[in-house]
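Undergrad: below is the structure, and that's it, no one-letter string:
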Ligand code: URA
């Protein structure tokens, strides 16, 4: 995969515009995120390795294509990552799931870890780390550092919005981790928020402030 895949599908772009609108309710925002996550998951899983399995259709036998290898691992970067997780799990129900808890120190913008739990044998799985917002890149880089420490070798990063600063930071720290995003926005503001962006993704999806 390329280091950056910008998914420009009309359905993705339309849903994203609705999500950016500050008048969009929490319930609709959450539903749109679920729908978009499935369209993005389609892209991020495009080149999964395949094998064949001998089956019998009602008509005859055939070697049918099926996914190869261990079940993939989805890793949600808490808490906003959970909004992407649910939709992807509907598409890939057998995926294993991990969580990385990092909060952003509002002064330094540096990530602080408070939780980590991941499936075993990460080294044999495709690992898809999910977080709707790739802003400074600090938390994404830290989450991927952690996954690599636990053995992950084949990692992809899935987000909704990416700032150029975050993409550059990820490319520098983890050039081997392809990024799939629905949009590349203009820049970060002085508080580390993406503009034009959609605000705080966690607050928008959970109805907090
Ligand atoms: N996290 C968010 O939720 N929104 C941003 O704009 C940046 C980081």
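TA: Cool, got the structure. Because the structure is a prediction, the values reported are computed rather than measured. Numbers count the residues shown, from 1 in each chain.
Undergrad: looking at residue 109 now. What's its pLDDT?
TA: If you check residue 109, the pLDDT there is 69.
Undergrad: what of the one 10 residues further on?
TA: Confidence at residue 119, expressed as pLDDT, is 96.
Undergrad: report the contact partners of it.
TA: Going by C-beta atoms under 8 Å, 6 or more residues apart in numbering, residue 119 touches 73, 96-98, 125. The C-beta positions use only the backbone N, C-alpha and C, and glycine is treated the same way.
Undergrad: state whether it is indeed within a helix.
TA: No: read with DSSP: H, G, I helix; E, B strand; the rest coil, residue 119 is coil and lies in no helix.
Undergrad: helix, strand or coil for the closest residue to residue 117 other than its chain neighbours?
TA: Distance criterion C-beta to C-beta, 6 or more residues apart in numbering; nearest residue to residue 117, sequence neighbours excluded, is residue 99 at 5.3 Å. Secondary structure state of residue 99, per three-state DSSP, is strand.
Undergrad: export the contacts of residue 119 to a markdown table and append columns for neighbour count.
TA: Compiled in a markdown table, the contacts of residue 119 are given as follows (neighbours: other C-beta atoms under 10 Å):
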| residue | neighbour count |
| --- | --- |
| 73 | 24 |
| 96 | 18 |
| 97 | 16 |
| 98 | 22 |
| 125 | 24 |
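Undergrad: surely residue 195 touches residue 189?
TA: Yes: Residue 195 sits in contact with residue 189 when judged by C-beta atoms under 8 Å, with a separation of 5.3 Å.
Undergrad: once you drop chain neighbours, what's closest to residue 102?
TA: Leaving aside its sequence neighbours, residue 102 sits nearest to residue 111 (C-beta to C-beta, 6+ apart; 4.1 Å).
Undergrad: ok, now how distant is the one you found from the ligand?
TA: 11 Å (C-beta to the nearest ligand atom, to the nearest Å).
Undergrad: repeat for residue 149
TA: Using C-beta to the nearest ligand atom, residue 149 is found at 24 Å from the ligand.
Undergrad: burial of that residue, as a residue count?
TA: When neighbours are counted by other C-beta atoms under 10 Å, residue 149 registers 10.
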